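A.B. asks: Give me a model of this one.
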Amino acid sequence: MNDRTELFTIGELARRTGLSVRTIRFWSDVDVITPTARSAGGYRLYDAAAVARLDLVRTLRDLGLDLDTVRRILSRQETVADVARAHVRALDAEIRTLQIRRAVLRSIAERNSTTEELKIMNDLARLSARERQRIIDEFVDRTFAGIDPGAPGAGIAQAMRQLPADLPAEPTTEQVDAWLELAELVSDTDFQQRVRQMALAGAAGAAGAAESPPPYDPAQVTEQAGAALRDGVAPDSAQGRAVLDRIIDPAMPAEERTRLADQMETFTDRRVERYWQLIGVLNGRPPFPSAVPAWEWLIAALRASAR
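C.D. replies: Prediction:
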């Protein structure tokens, strides 16, 4: 009798394959391998093909495939290539999850986070890209509800949805922190109301008047008011008035200055600017410095000059 005709007991298969008797018996019980015959005493016997089959099953199991999938491959319901491609996708998703969790743990260690922060960050790390996008979409939908999507400025709503398709394969601590901060920001009721106030004001302003250029150059605001702020120039000082006169027409009436200050104040908010900064971090864009303080200085200077 040679290997082609010889039959083996489970114990003999275990010695040939290095698998345990218990494992081979279980795989036989669930029909992953089937006995060729039975001995006079009723014991299961297997031919040489079972040895090769067991080697294949062990390889597939080592790759992480479940027994149902292994059984389908062995019965030719699926090819190894098809299963391998599906398994690669599953492993890629698992690797991404582990990478994000590693980034979260790194962020927690660097931030010396509290127990509550740890829980929040862990919960956020478990969210899929679709779930993260849903959080932002729900915020934008609430904020812009009832506003004509065709109105001037309504395109901001679409821009506010621009999360990356997923966090990078190796998210930085800054990106993990940015997502945490962004999720907390959009869940804040005061922030939601503030953004909606800005959206409604923008839509109402566009509907009530033709678009006209502002009575100032935004670049001058950044340059002149920004420099005054850095130099510690008080908005209500004589030096502050001189800076203001370089930004707006010195002949502008007091009432117009107050109206302009009110309008600027409606659209000037540090937390809204922070939203855009966080979106930029998540999308891998270069950081931009805060422009809001310069506008706040200009608003204060306008109010001081109108008194």
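A.B. asks: which one is residue 60 nearest to, not counting chain neighbours?
C.D. replies: residue 70 (4.9 Å; CB to CB, 6 or more residues apart in numbering). C-betas here are computed from N, CA, C, even on glycine.
A.B. asks: So that neighbour versus residue 56, what's the distance?
C.D. replies: From residue 70 over to residue 56 the distance is 8 Å, taken as CB to CB, to the nearest Å.
A.B. asks: so what's the residue nearest to residue 60 scoring on pLDDT?
C.D. replies: Looking at residue 70, its pLDDT stands at 84.
A.B. asks: which residues touch it?
C.D. replies: If you count contacts by CB atoms under 8 Å, 6 or more residues apart in numbering, residue 70 has them with 32, 57, 60, 61.
A.B. asks: ok, the last one - contacts?
C.D. replies: In this case it means residue 61. 67, 70.
A.B. asks: Could you look up the SS state of it?
C.D. replies: helix (DSSP: H, G, I helix; E, B strand; the rest coil).
A.B. asks: Quick check: mean pLDDT of the helix or strand containing residue 258?
C.D. replies: Secondary structure from DSSP states H and E places residue 258 in helix 254-266. For helix 254-266, mean pLDDT is 93.
A.B. asks: One more: stretch 43-51?
C.D. replies: 87.
A.B. asks: Would you indicate which residues of that stretch are buried?
C.D. replies: For stretch 43-51, a neighbour-count test (16 or more other CB atoms under 10 Å) marks 44, 45, 46, 47, 48, 50, 51 as buried.
A.B. asks: Stretch 56-72 too?
C.D. replies: 57, 58, 60, 61, 65, 69, 70, 71, 72.
A.B. asks: can you list those residues in TSV and add secondary structure and distance to residue 110?
C.D. replies: Formatted as TSV, the buried residues of stretch 56-72 follow (DSSP: H, G, I helix; E, B strand; the rest coil; distance: CB to CB, whole Å):
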residue	secondary structure	distance to residue 110
57	helix	45
58	helix	43
60	helix	41
61	helix	39
65	coil	38
69	helix	41
70	helix	43
71	helix	47
72	helix	46
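A.B. asks: Would you state the helices of the stretch 51-200 of the chain in chain order?
C.D. replies: Per DSSP state H, counting those that start in this stretch, the stretch 51-200 of the chain carries helices over the ranges 67-74, 80-111, 115-125, 129-143, 155-159, 173-186, 189-208.
A.B. asks: Walk me through the domains of this structure.
C.D. replies: Domain ranges of the chain: 10-75, 87-196, 213-306, per automatic domain parsing.
A.B. asks: Need the ones you listed in CSV (columns: distance to residue 81).
C.D. replies: As requested, the domains of the chain are exported to CSV (distance: least, CB to CB, whole Å):
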stretch, distance to residue 81
domain 10-75, 10
domain 87-196, 11
domain 213-306, 35
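A.B. asks: ok so, going back, how much space separates the residue nearest to residue 60 from residue 146?
C.D. replies: Counting by CB to CB - residue 70 and residue 146 are separated by 55 Å.
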